[in-house]
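K.L.:
here is a sequence together with a model predicted from it:
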Amino acid sequence: MISSPKNYVLRIVKEEWCNQVFSTKRYFPGVPRRWNPGDVIFLVHKVGKADSLIGYGIIGEFVEKEALPENERRVCEEMGWRGAIVFDELYRINPPVPVKDTVLSAVEARGKYLHGYPLTDEQAESILRIVKAKASLKKTE
């Protein structure tokens, strides 16, 4: 049985990791989830003093760390990452939209607790509507 796509928030701590995600269209999660093709991931990063949505993507595949090239596998083991999310589509949100301006302001999770937070389809659609009203989306090639 194929499960329906899920939606999650992933928080990126370091600026350099933000750049890496958008340049490689890959994200190395440490949080345990079933990452499936079609899942929607919202990327959050602290901009100034506020956590903000900086992008979102649609998963193409998840590559388990054992299947990664040796250099990436070693980094995953050192960092406690589980593998690589490879995005089919990835969009940068410009300007970033503060989390507090979205339905995420109503959830219990804040800061680091947003990392891996599951979203309903309604929450994901609401976030996309707000993002499209407040910012532009640039597809990463």
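P.N.:
Yep, that arrived. Numbering: from 1, shown residues only.
K.L.:
would you map the strands across the chain?
P.N.:
Ranges of strands in the chain, per DSSP state E, are 7-11, 26-27, 40-47, 50-64, 83-98, 117-119, 136-139.
K.L.:
looking at these, which has the lowest confidence?
P.N.:
Ranked by mean pLDDT, the strands of the chain bottom out at strand 117-119, with a mean of 85.
K.L.:
mind listing what's buried in it?
P.N.:
Across strand 117-119, burial judged by 16 or more other C-beta atoms under 10 Å covers 117, 119. Quick note: C-beta positions are derived from backbone N, CA and C, even for glycine.
K.L.:
what is the burial count for Glu125?
P.N.:
14 (other C-beta atoms under 10 Å).
K.L.:
tabulate the strands of the chain (JSON lines), appending distance to Gln20.
P.N.:
Output for the strands of the chain, formatted as JSON lines (distance: least, C-beta to C-beta, whole Å):
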{"stretch": "strand 7-11", "distance to Gln20": "13"}
{"stretch": "strand 26-27", "distance to Gln20": "8"}
{"stretch": "strand 40-47", "distance to Gln20": "12"}
{"stretch": "strand 50-64", "distance to Gln20": "12"}
{"stretch": "strand 83-98", "distance to Gln20": "11"}
{"stretch": "strand 117-119", "distance to Gln20": "22"}
{"stretch": "strand 136-139", "distance to Gln20": "17"}
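K.L.:
go through those strands and name the closest to Arg34.
P.N.:
Nearest to Arg34 among the strands of the chain is strand 50-64 (8.4 Å), distances taken as C-beta to C-beta.
K.L.:
angle of the closest one against strand 83-98?
P.N.:
Calculated by axes from the mean of the first three to the mean of the last three C-alpha atoms, to 10 degrees, strand 50-64 forms an angle of 160 degrees with strand 83-98.
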